[in-house]
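> pasting the sequence and the predicted model now:
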Amino acid sequence: MRETGLGRLCAITAILVIARGAVLAHHAYTAEFDTTKPVKVTGVVTKLEWSNPHIWIYLDVKDDKGNVTNWGFSASPPGMLARRGITKNSLKIGDVLTISGHRAKDGSNNASGNIVTTADGRETLIGQDQAVNPTEKK
């Protein structure tokens, strides 16, 4: 009986240690993105990374002079997006999208992806929460 109790205690401890690591691994939105620097760009999808904890959408964006810069947008997890009608097959390489969000604090061409607008004008929330982007009006 005593060994069974010790085994359960060890199992519970292991689960708590693993769960603690998962919680600490996730970050606050404002730790990575600067809410004072909204971005909104239009470009061609070059790459999609459909995996947990967040999908990534990469766009080639042309400036006024024709220079192309690749932007990466972090979006919600795949399951959350599926509940909003965006599946792995909804976005394709070559699609033209407009994505708004907030620029990464490290100054890179990475950003949060909050709202995606497709070429036909459909808007979908791809961020964690509408309240994350208070400057954006739909």
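That came through fine.

> so is the closest residue to S112 other than its chain neighbours in a helix, a strand, or just coil?
Once flanking residues are discounted, S112 sits nearest to G101: 3.8 Å by CB to CB, 6 or more residues apart in numbering. Bear in mind the C-beta positions are built from the backbone N, C-alpha and C, glycine included. With DSSP: H, G, I helix; E, B strand; the rest coil as the basis, G101 sits in strand.

> pull up the gap between G101 and K65, please.
24 Å (CB to CB, to the nearest Å).

> just the pLDDT for the residue positioned nearest the centre of the chain.
For the chain, the residue nearest the mean C-alpha position is A75 (1.9 Å; CA atoms, centre = their mean). pLDDT for A75: 94.

> right, and it touches W56 too?
Yes - taking contacts as CB atoms under 8 Å, A75 lies within contact range of W56: 7.2 Å.

> following the helix or strand where V39 lies, which helix or strand shows up next?
If you go by DSSP states H and E, V39 is part of strand 33-49. Moving toward the C-terminus from strand 33-49, the first helix or strand encountered (DSSP H and E) is strand 56-62.

> show me which residues of the very next helix or strand once past that next one are buried.
Using DSSP H and E, the next helix or strand after strand 56-62 towards the C-terminus is strand 68-74. Neighbour-count burial for strand 68-74 flags W71, G72, F73, S74 (criterion: 16 or more other CB atoms under 10 Å).

> on that earlier part again, flag every buried residue along the strand holding V39.
Buried residues in strand 33-49 (16+ other CB under 10 Å): F33, D34, T35, P38, V39, V41, G43, V45, L48.
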